[in-house]
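Participant: Any chance you could fold what I've pasted below:
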Amino acid sequence: MYRPTSAAAQRSRVRLVVLQALVLSLFATLLVRLWYLQVATGDDYRAKAANQSVREVVVQPDRGLIVDTQGRPLVANRSSWVVSIDRTTLARMSDDQQQLLVDRVAHALHRKPKAIRARLLNCGTEGAVAGTCWNGSPFQPVPVDNDVAQKTAQLIREQAEDYPAVVVQEQALRAYPRPFGVDAAHVLGYLSPVTEDELTAAEKDADLSINGASQVGRAGVEKQYDAYLRGMPGYQHVAVDSKGQVLGESGVDEARPGDTVVTSIDAKVQGVVERELHNAILAARARTDRHGQHYKADSGAAVVLDAHTGRVIAMASEPTYNPAIWVGGITQKQLSHLYSVKAGTPLLARAMQGQFAPGSTWKPIMTVGAMTHGMGPQTRLNCSPSVQIGNRAFGNYESESFGMIDFRTAITVSCNTFFYRVGLYFWQKYGSDPANVNAKDPLVAEAKKFGFGKATGIDIPGEASGRIADRHWKRAYYESMKHYYCGLEKHPGDASAFVRLFAREFCAEGYAYRAGDAANFAIGQGDTIVTPLQLARAYAALANGGTLYRPTIGKAIVDPDGKLVKRIRPVAQGKVKIPRSVLDYVRSAMNNVTLAGTLAGTFAGWPQDKVMMHGKTGTAEVYGKQTTGWIGSYTKDYVVVSMISQAGTGAGANSTVVRKIWDTLYGFGEDGKPAKPAIPGVVESNALPVFSPDGAILPPARKEEKQ
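Facilitator: Okay, the predicted model is just below:
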């Protein structure tokens, strides 16, 4: 029998020892690793494992309230049920299971499955539709319906096994209490979902108050003070199993509600303004013009300002809309209506975005300009039926004639030919060269001092700037349009005879600022346009002695605990230097308008001995349209401006609106007997509502009346 040599046996034993050592080292390594995982770092890994079974669901904060100056809620919140789908859990399902779930959710919500799937798409991906797609975190459940009936929400929650990946939460939606029937849509604004660009900007700025499910202010107070109103979201920590089914809550980081915005709006006055403006427009449509055509009365606006602070007490525009249509998502049909020209573009805030020729409400401003540049109380000009300027006769309204009169009478009777001659005088004195764009023009300069031609700076976005049609504007307009009109003259196509004539004249000398332009400017006609808000601010300057205030709607920011965060104080933007004698003269003339002029009927019975009233009417003519009527008025305390487009004369269209507003402000009836004023006279204009610890909001504290 063969036996290995001692050398061979020795080698076998060495290999066996090496193998045993290798096996022992592997077991030792495994044991050390197990000890490390289970003992040394066990707590860390257990925490990570737990975190993998916990999802964070964003809890949207209650948006801050918007209240009026007395503390009445204009915009509040109401509870609603929101149904969302967790796409992470959805992705673990088979295609058939996903389809079944989407169909089941759509059926429960009375929606189409296609609409649910559209909500689940990330914005920027194929098939995604802006405004419908999801632009938030991919780990955040996606809201597919924002205002679900409680019965439906409870059904889904109770049958959770049939709705895996579906999250049902209670959130807040905007509500509109409408004190005194107020809409104030153009003042308050509206909300819509955050856009992808806004979300990207927020992430870049580390702004945690915005997330993919946020609603953002788009207009009015909602947009201007959005950063205060939106609050800070919280997070609900939800435990889920390996299939993504919710096991229960594991904690909540509470959301912080948004701050309250106190406005200067008085709901009682706002309600009167909205109602009377609407009724006046309906009444105008029942009347006919001189040609027997019913007035279209297609739009209107009214503004009420505090003359000494610029605070907006009320501001309304027609057509308007119910701001609640934006809540929970607006339909395409509703959105089309808001932009519809046929419907009057209800989304347009005429009070600050509508631009109209001011007509004769312009004349007090022109009087200040004329009387601070050489003319005075002794100046007398002919109020003839018409005045010939160039090859055109410029006439009075309905060819009225009052002979040689002064500024006081010209304002009282609203004589156009008087002010045509004022404009012609300064054109001949300083700028008879029509090509000289730098010629001096005291009337234009005065209009600019009163803030016309640029935005007032009101604290809500979207304001129009109006336009001063001076020499510089006319030259710039010519340069921008000459190619069009000169081309139209050479190739008229289907243009009418009037358009062809206009094109020929414009092409030849459209840059020239002629005597007719200066005459039209002096009566608020031609290409000069203003907003009702601009006119109200200018009249406030006449009332307070020349200070131009920035109109403001925001009054203060108050946190959810009732503590003052920020007080929004009036801002004086400039001072119109008006000699006291000139200011008193213009005030006297405008008071005479309400006593014996075009507003005598409007203010019949008004107690002038208690509150002196000043005013001016305006009837602006626009080519191809019916006349636009204006009334501008003020006292020592307030300014009220009303305008209705294509509704006839200023007094004829706006008298009822203006008188009702003034009666409400002071508590005077048509017989002049005192009643309860809308705004208590013993409350300081800067006073704020009282915020109680229990959340109640009380009117501002009243000062003790002097005995």
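Participant: helix, strand or coil for Ser633?
Facilitator: strand (DSSP: H, G, I helix; E, B strand; the rest coil).
Participant: from here on, count from 31
Facilitator: Sure, I'll start counting at 31 from here, so that last one is Ser663.
Participant: For the spatially closest residue to it that is not a sequence neighbour, which three-state class applies?
Facilitator: Distance criterion Cβ to Cβ, 6 or more residues apart in numbering; nearest residue to Ser663, sequence neighbours excluded, is Gly645 at 3.7 Å. Just so you know, the C-beta spots here come from the backbone N, C-alpha and C atoms, and that holds for glycine as well. What three-state DSSP gives for Gly645 is strand.
Participant: cool, Val198 as well?
Facilitator: strand.
Participant: wait, it sits on Ser110?
Facilitator: No: judged on Cβ atoms under 8 Å, Val198 makes no contact with Ser110 at a distance of 11.3 Å.
Participant: which is the next helix or strand following the host helix or strand of Asn107?
Facilitator: Counting by DSSP states H and E, the element that carries Asn107 is strand 103-115. Downstream of strand 103-115, the next assigned helix or strand under DSSP H and E is helix 117-121.
Participant: list the buried ones in that next one?
Facilitator: Buried positions in helix 117-121, judged by neighbour count with 16 or more other Cβ atoms under 10 Å: 117, 119-120.
Participant: Next: stretch 316-333.
Facilitator: 325-333.
Participant: where does the chain have low pLDDT?
Facilitator: Where the chain drops to pLDDT under 70, the residues are 31-39, 66-85, 161, 166-169, 268-280, 428-429, 519, 699-705, 711-714, 732-737.
Participant: Of all residues in it, which one is nearest the centre?
Facilitator: Gly250 (2.5 Å; Cα atoms, centre = their mean).
Participant: still on that earlier bit, compile the buried residues of stretch 316-333 into CSV and extend it with columns for secondary structure.
Facilitator: Listed next are those as CSV, based on three-state DSSP:
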residue, secondary structure
Tyr325, coil
Lys326, coil
Ala327, coil
Asp328, coil
Ser329, strand
Gly330, strand
Ala331, strand
Ala332, strand
Val333, strand
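Participant: The stretch 231-380 of the chain: strands as residue ranges?
Facilitator: 245-247, 264-270, 276-283, 290-293, 329-336, 342-348 (DSSP state E, counting those that start in this stretch).
Participant: actually the stretch 31-180 of the chain, not the one I typed
Facilitator: 84-89, 96-97, 103-115, 172-178.
Participant: Which among the ones you listed is found nearest to His502?
Facilitator: His502 lies closest to strand 96-97 among the strands of the stretch 31-180 of the chain, at 40.7 Å (Cβ to Cβ).
Participant: Direction included, what does that closest one pair against?
Facilitator: Sheet partners assigned to strand 96-97 using DSSP bridges are listed as strand 103-115 (antiparallel), strand 290-293 (parallel).
Participant: if we look at it, which residues are touching it?
Facilitator: 103-105, 218, 251-252, 259, 290-293, 719, 727 (Cβ atoms under 8 Å, 6 or more residues apart in numbering).
Participant: cool, and stretch 450-466?
Facilitator: By Cβ under 8 Å, 6+ apart, the residues outside stretch 450-466 that reach it are 396, 400, 403, 405, 411-412, 417, 419, 424, 469-473, 501, 539, 541-545, 548-553.
Participant: if we can go back for a sec, nearest to Gln128, of the strands paired with strand 96-97?
Facilitator: Of all the strands paired with strand 96-97, it is strand 103-115 that lies closest to Gln128, at 9.9 Å by Cβ to Cβ.
Participant: could you check the angle strand 172-178 makes with that closest one?
Facilitator: 130 degrees (axes from the mean of the first three to the mean of the last three Cα atoms, to 10 degrees).
Participant: Return the set of buried residues in strand 103-115.
Facilitator: So, applying 16+ other Cβ under 10 Å, buried residues of strand 103-115: 103-107, 110-115.
Participant: how far does it sit from the chain's center?
Facilitator: 22 Å (Cα atoms, centre = their mean, to the nearest Å).
Participant: Also stretch 203-211?
Facilitator: Per Cα atoms, centre = their mean, the centroid offset for stretch 203-211 relative to its chain is 17 Å.
Participant: Need the contact partners of that stretch.
Facilitator: Under Cβ under 8 Å, 6+ apart, the answer for stretch 203-211 is 93, 98, 102-110, 176-177, 213, 221, 297-298, 300-302, 304-305, 352-354, 356-358.
Participant: Quick check: end-to-end length of it?
Facilitator: Stretch 203-211 has an end-to-end distance of 20 Å (Cα to Cα, to the nearest Å).
Participant: Stretch 541-559 too?
Facilitator: Termini of stretch 541-559 sit 19 Å apart (Cα to Cα).
Participant: That stretch: which residues count as buried?
Facilitator: Neighbour-count burial for stretch 541-559 [16+ other Cβ under 10 Å]: 541, 543-556, 558-559.
Participant: As TSV, the buried residues of stretch 316-333 with distance to Val669 would be great.
Facilitator: Shown next, in TSV, are the buried residues of stretch 316-333 (distance: Cβ to Cβ, whole Å):
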residue	distance to Val669
Tyr325	26
Lys326	27
Ala327	23
Asp328	25
Ser329	21
Gly330	17
Ala331	14
Ala332	11
Val333	7
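Participant: And the contacts of strand 96-97, which is closest to Gly627?
Facilitator: Thr293 (35.1 Å).
Participant: okay, now that closest one: neighbour count?
Facilitator: For Thr293, the tally of surrounding residues (other Cβ atoms under 10 Å) stands at 28.
Participant: got the contact list for it?
Facilitator: 96-99, 104, 217, 251, 583-585.
Participant: Specify the beta-bridge partners of it.
Facilitator: Counting by DSSP bridges, the residues bridging with Thr293 are Gly584.
Participant: do you know how far it is from Phe480?
Facilitator: In this view, Thr293 and Phe480 are 26 Å apart by Cβ to Cβ, to the nearest Å.
Participant: same check, this time on Leu518
Facilitator: For Leu518 relative to Phe480 (Cβ to Cβ), the value is 37 Å.
Participant: Neighbour count: these two, which is higher?
Facilitator: Phe480 (24 against 19).
Participant: Is it correct that the more buried one is in contact with Ala571?
Facilitator: Yes: Phe480 sits in contact with Ala571 when judged by Cβ under 8 Å, with a separation of 6.2 Å.
Participant: Out of the contacts of stretch 450-466, list just those in helices.
Facilitator: 396, 400, 472-473, 501, 539, 545, 548-552 (DSSP state H).
Participant: still on that earlier bit, between the buried residues of strand 103-115, which sits nearest Ser390?
Facilitator: Leu104 (34.9 Å).
Participant: which ones are touching that closest one?
Facilitator: 96-98, 206-207, 209, 212, 214, 218, 293, 295, 297.
Participant: For PyMOL, what selects the buried ones among those?
Facilitator: Selection of buried members from those for PyMOL, criterion 16+ other Cβ under 10 Å:
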select buried, resi 96+97+98+206+209+212+214+218+293+295+297
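Participant: May I see the contacts of Leu104 organised as TSV, with distance to Gly384 added?
Facilitator: What follows is the contacts of Leu104, written out as TSV (distance: Cβ to Cβ, whole Å):
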residue	distance to Gly384
Ile96	23
Val97	27
Asp98	24
Tyr206	24
Pro207	28
Pro209	26
Val212	20
Ala214	17
Leu218	18
Thr293	21
Ile295	19
Ala297	23
